[in-house]
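Asker: from the sequence below, what's the structure:
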Amino acid sequence: MSLNRREFIQIMGMAAAAGMLPGCDNKSSGPSGVTTTSKTPKDVYNIPKYGNVSLLHFTDCHAQLLPIYFREPNVNLGVGPAYGRPPHLVGEKLLQYYGIKPNTLEAHAFTYLNFAEAAKTYGKVGGFSHLRTLVKRLRADHGAERTLLLDGGDTWQGSGTAFWTRGKDMVGACNLLGVDVMTGHWEFTYLDKEVISNVEDFKGDFVCQNVFVNDDAAFDYKFANFEDYNEESQRAFKPYVIKDMGGVRVAVIGQAFPYTPIANPARFIPDWTFGIRDSEMQAMVNEVRNKEKPDVVVVISHNGMDVDLKMASVVSGIDVIFGGHTHDGVPAPSVVKNRGGQTLVTNAGSNGKFLGVMQLDVRNGKVQGFNYKLLPVFSNLLEPDAEMASYIEQVRKPYVNTLREELAVADTLLYRRGNFNGTFDQVICDALREVGGAQVSLSPGFRWGTTILPGQTITMEHVMDQTSITYPETYVREMTGQNIKDILEDVGDNLFNPDPYFQQGGDMVRVGGLDYTIDPKQTIGKRITDMRLDDGTRIEADKTYTVAGWATVGSKAPGKPVWEIVAEYLRDEKVAKIKKLNTPKIVGMEGNPGIA
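Answerer: Numbers count the residues shown, from 1 in each chain. Below you'll find the predicted structure:
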């Protein structure tokens, strides 16, 4: 089903008349004092002016230049202190928490509910030409000199064109979009020289207070002439930047993903060290406040929301943390108390689907009040910006024939996001097993990757959206049952450790040909039980099994890139069916609002 913008608005108008959409005056009070207002579609982007500073924020777009579909999770479990609090709410529980009416445009944007049918009505989300239209409109409405555009990172990776251009396509797109400040994560999965080149080409400020040159490399640092490198502090990039916004001084401090050399190959960036470094963050906030005398201090972070919430509780002096990494579309900020007062913590979803708008009332050198709205970017409601559309067409032109290759037809909704498995993850796992002749397959729990509707043609572009990384090589190797359990236990602890500082983000490793039981509340070594092959055979600790996988973080794997494996499998299948979804049995989570 394809609608133009006028037809879409007409349909939404009829839906509103039928009571399927709330009127413009239907307001409900959110949990943190933010009023959320559901509106008819033509009014979605009318944000009344408030205060004197507007901070726009997107994150984790994963190089999606064109509009896409993206399904939110139906499983996003919170354990320990994270139980029952944002972002660990899904479906109806999320709607209830934020006072969002069901069967509305907002409900579709923020939840998985009735996704396939609702997507046919509401259309695709994101797209940089549509995002640019929205950004330009907000800057015009709120005053360009009082508006700042922040990018939380994971911008240069996630598509075929980003992989083939080494992120250059996204640098150009962000320059045209007008990004003022950004930080990074997957940006660091290119070679270090490519990272430096991209930062030099980026017209905004790339800030990371927690990325240092290690001592061994500092003696003869190969990027010593890079203008943002500070030899005295050994910081590889600028830690912060000051922006004068119509007389209001705003400090923006960068917090790159702290576990980059652990979660991704350190071999690409051997000279840089990362880390949460909350003591360094506190020292940086103190330095900035004392030296620069800002009216507002914000952090643009790629920690993940649970880590941001903990950091906000122990580091004082930050007014707002604009968070990313965990891809959580959170309608209202969390207000975190600390010894210095309070910090607002936000997270703005992924894939270009949302644009956060934080309006601050800044007087007498401090924030007096705020208004926040996380806007869903529906491409049917926003005219594409012609200049950006032309740029996107040109940058894609050398690759478009490859991207448009038709591989198969989706028999069901294919998505990735969710703690334990997604249907497109299962396709990847099935392809690894089938092509590799393996008993079991393992695939990383990446949270990026676009959604495909039932009956939609799967193209090579869709496959690249799911697999485009700089270490895509596959393997088939022998593992013992204990090896497999150890992998599941390690990833499970990363996901469900009650201390956020021991979480690295992402979801559970996806499995093919294997079922198991998991108790997320247990400790490492005790979460995973009753592992069995698809035929019911119990996995034995000392027995050997053939395992296929990809994305090895250590040494390079020997096999083909995973997209070649998946494409080969889909060409043979012609119709992508989920024969069996290898989702574990989850125990101990009854009543958890993070699972539906």
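
Asker: residues in contact with G184?
Answerer: 153-156, 195, 206, 208, 256-257, 302 (Cβ atoms under 8 Å, 6 or more residues apart in numbering). For glycine as for every other residue, the C-beta is placed from the backbone atoms N, C-alpha and C.

Asker: again, 10 Å this time
Answerer: 151-157, 195, 198-199, 206-208, 211, 237, 254, 256-257, 260, 302 (Cβ atoms under 10 Å, 6 or more residues apart in numbering).

Asker: bridging residues for the nearest residue to Y240 once chain neighbours are set aside?
Answerer: In space, and not counting its chain neighbours, Y240 is closest to I253: 4.3 Å by Cβ to Cβ, 6 or more residues apart in numbering. Judged by DSSP bridges, the bridge partners of I253 are Y240, V299.

Asker: can you tell me how far I253 is from D519?
Answerer: When Cβ to Cβ, to the nearest Å is the yardstick, I253 and D519 sit 38 Å from each other.

Asker: equivalent analysis for E406, please.
Answerer: From E406 to D519 the distance is 43 Å (Cβ to Cβ).

Asker: out of the contacts of G184, which sit inside strands?
Answerer: 151, 206, 254 (DSSP state E).

Asker: what sits against the nearest residue to the first one once chain neighbours are set aside?
Answerer: It stands for D151. Leaving aside its chain neighbours, D151 sits nearest to M182 (3.7 Å; criterion: Cβ to Cβ, 6+ apart). M182 is in contact with 58-59, 149-153, 155-156, 174, 199, 202, 204-208, 252, 254, 300, 302, counting by Cβ under 10 Å, 6+ apart.

Asker: and I253 and D519? which has more neighbours close in?
Answerer: The neighbour count for I253 versus D519, taken as other Cβ atoms under 10 Å, is higher for I253 (26 against 17).

Asker: touching, that one and D205? I think so.
Answerer: No. Between I253 and D205 there is no contact under Cβ atoms under 10 Å: 11.0 Å.

Asker: overlap of the contact sets of these two?
Answerer: With Cβ under 10 Å, 6+ apart as the test, I253 and D205 both reach 181, 183, 238, 240-241, 300.

Asker: now the two most distant members of those residues.
Answerer: K238 and I300 (12.1 Å; Cβ to Cβ).

Asker: what is in contact with these two at once?
Answerer: In contact with both K238 and I300: 181, 205, 207-208, 252-254, using Cβ under 10 Å, 6+ apart.

Asker: show me how far the helix or strand hosting K193 is from its chain's centre.
Answerer: Per DSSP states H and E, K193 falls inside helix 192-201. In terms of Cα atoms, centre = their mean, to the nearest Å, the centre of helix 192-201 is set 22 Å apart from its chain centre.

Asker: now do stretch 550-557
Answerer: 22 Å.

Asker: and it, end to end?
Answerer: Counting by Cα to Cα, to the nearest Å, you get 7 Å between the two ends of stretch 550-557.

Asker: could we number from 40 for the rest of this?
Answerer: With the count now opening at 40, the last piece we talked about shows up as stretch 589-596.

Asker: got the buried residues for that stretch?
Answerer: 589-591, 596 (16 or more other Cβ atoms under 10 Å).

Asker: ok, so of those residues, who is nearest R456?
Answerer: A590 (17.4 Å).

Asker: pretty sure the closest one sits against P304.
Answerer: Yes. Using Cβ under 10 Å, A590 is in contact with P304, at 9.3 Å.

Asker: residues shared between the contacts of those two?
Answerer: What both A590 and P304 touch, as defined by Cβ under 10 Å, 6+ apart, is the set 508-510.

Asker: buried subset of those residues?
Answerer: By 16+ other Cβ under 10 Å, those give 508-510 as buried.

Asker: dump those residues to a markdown table, plus distance to L177 and secondary structure.
Answerer: As requested, the buried ones among the shared contacts of A590 and P304 are exported to a markdown table (distance: Cβ to Cβ, whole Å; DSSP: H, G, I helix; E, B strand; the rest coil):
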| residue | distance to L177 | secondary structure |
| --- | --- | --- |
| I508 | 33 | coil |
| T509 | 34 | coil |
| Y510 | 37 | coil |
